[in-house]
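Student: Here is my input, please return the structure:
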Amino acid sequence: MSPFYATFLEVLLRTQGVEELLLCGVATDHVVMATARDGHDRDFSIKVLEDCCAAASRERHEAAILVLDGVAEIAISTEVFG
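Tutor: From the prediction side, this is the model:
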């Protein structure tokens, strides 16, 4: 589920000087989590925009955010973009 798996994404980000990833998307408990963990393991700074993510239920979303708090900064979009 991670966009890093079997792709050149890390190479593309590194050649552009990217150090921080702002993550959002559907499936907080799947794709967003996999991307955050994989990015963290690759030494990127990870920020998950909680209000820009969703899961099949509010409970699954909230549980994923609790887990993600261990590898990412949890923020809301207005904190990041004003």
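Student: In three-state terms, label the closest residue to R60 other than its chain neighbours for me.
Tutor: Using C-beta to C-beta, 6 or more residues apart in numbering and skipping the chain neighbours, the partner closest in space to R60 is D29 (4.8 Å). All C-beta atoms are positioned from the backbone trio N, CA, C, and that covers glycine. Three-state assignment for D29 (DSSP: H, G, I helix; E, B strand; the rest coil): helix.
Student: Settle this for me: D29 is touching H61, isn't it.
Tutor: Yes. The pair D29 and H61 qualifies as a contact (C-beta atoms under 8 Å) at a distance of 7.0 Å.
Student: out of the two, which sits in the more crowded spot?
Tutor: Each of D29 and H61 had its neighbours counted (other C-beta atoms under 10 Å), and the higher figure belongs to D29 (21 against 18).
Student: For the more buried one, give me its contacts.
Tutor: 55-56, 60-61, 63-64 (C-beta atoms under 8 Å, 6 or more residues apart in numbering).
Student: what do D29 and H61 both touch?
Tutor: With contacts defined as C-beta under 8 Å, 6+ apart, the residues adjacent to both D29 and H61 are A55.
Student: Would you quantify the distance from the residue nearest to R60 to L9?
Tutor: 21 Å (C-beta to C-beta, to the nearest Å).
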